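J.: can't give you the sequence, but here's the structure:
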């Protein structure tokens with residue numbers, strides 16, 4: 001009986017890990033699409049994405065994996081926030097860190113530079129906002145800001161053989177299947 005509970009817990013862990021990887025892949029794919037395609041960087045598109053992701057999170061919450069979704073979709077959610085807020089608040093490094101703690105300066109700058117005014121938000125991003133996000137390396141105030149300058153795209157290779165091998169290195173699947181066959 002205890003052995004069956006252990007197996008059930010392991011398979012539950014495998015299922016959770018699988019969905020975590022799926023959500024991480026979705027996050028990277030959606031975020032990278034925003035970074036690559038400036039025509040997606042509008043207020044109207046961001047609101048639509050926010051509504052669809054909200055519905056998705058609501059659906060997933062019924063299956064008790066909502067914490068996995070929120071953790072794995074943090075980059076796309078933060079990018080949507082950048083696209084929907086008043087861009088002048090991004091000039092304050094403290095607010096910037098609070099609004100999008102997981103995005104680096106390169107990513108935030110690209111989103112802001114790619115932002116295209118539309119009928120819901122017709123204002124152009126002020127030049128001083130882009131200038132504040134484009135500070136030369138010498139003017140960066142502290143080590144925290146230095147760490148926030150980084151790569152543009154997210155890694156979406158969550159299903160590489162090496163990552164799967166590392167993820168399941170502590171699981172003896174053969175032993176578990178042998179037990180199930182008895």
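T.: Received, thanks. What you are looking at is a predicted structure, and each value in this text was computed from that prediction instead of being measured.
J.: Which positions in the host helix or strand of residue 13 come out as buried?
T.: Element membership for residue 13, per DSSP states H and E: helix 2-36. Neighbour counts over helix 2-36 (16 or more other Cβ atoms under 10 Å) mark 19-21, 23-28, 30-32, 34-35 as buried. C-beta here means a position set from N, CA and C on the backbone, and glycine is covered the same way.
J.: Okay, buried residues for the next helix or strand after that helix please.
T.: Toward the C-terminus, helix 2-36 is succeeded by helix 43-61 as the next helix or strand (DSSP H and E). The neighbour-count check on helix 43-61 (16+ other Cβ under 10 Å) flags 43, 45-46, 49-50, 53, 60 as buried.
J.: So which of the residues you listed is the closest to residue 104?
T.: Of all the buried residues of helix 43-61, residue 46 has the smallest distance to residue 104: 19.3 Å, by Cβ to Cβ.
J.: Please report how far the residue lying closest to the closest one once chain neighbours are set aside lies from residue 119.
T.: Counting by Cβ to Cβ, 6 or more residues apart in numbering, residue 46 lies nearest to residue 83, which is 3.7 Å off, once chain neighbours are set aside. Remark: distance between residue 83 and residue 119 (Cβ to Cβ, to the nearest Å) = 15 Å.
J.: Comparing the two, which shows the higher neighbour count?
T.: When neighbours are counted by other Cβ atoms under 10 Å, residue 83 and residue 119 differ, and residue 83 comes out ahead with 25 against 8.
J.: thought that one was touching residue 48?
T.: No: with contact defined as Cβ atoms under 8 Å, residue 83 does not reach residue 48; the gap is 10.9 Å.
J.: Can you tell me which of the buried residues of helix 2-36 is closest to residue 94?
T.: Minimum distance to residue 94 across the buried residues of helix 2-36 is 23.4 Å, recorded for residue 31 (Cβ to Cβ).
J.: rewinding a little: lowest pLDDT pick from the buried residues of helix 43-61?
T.: On pLDDT alone, residue 60 ranks lowest of the buried residues of helix 43-61, at 78.
J.: May I ask you to confirm that residue 35 is in contact with residue 112?
T.: No: counting by Cβ under 8 Å, residue 35 stays clear of residue 112, with 11.7 Å between them.
J.: Residue 41 contacts residue 111, doesn't it?
T.: Yes: using Cβ under 8 Å, residue 41 is in contact with residue 111, at 6.1 Å.
J.: Now for these two: what residues contact both?
T.: 34, 83 (Cβ atoms under 8 Å, 6 or more residues apart in numbering).
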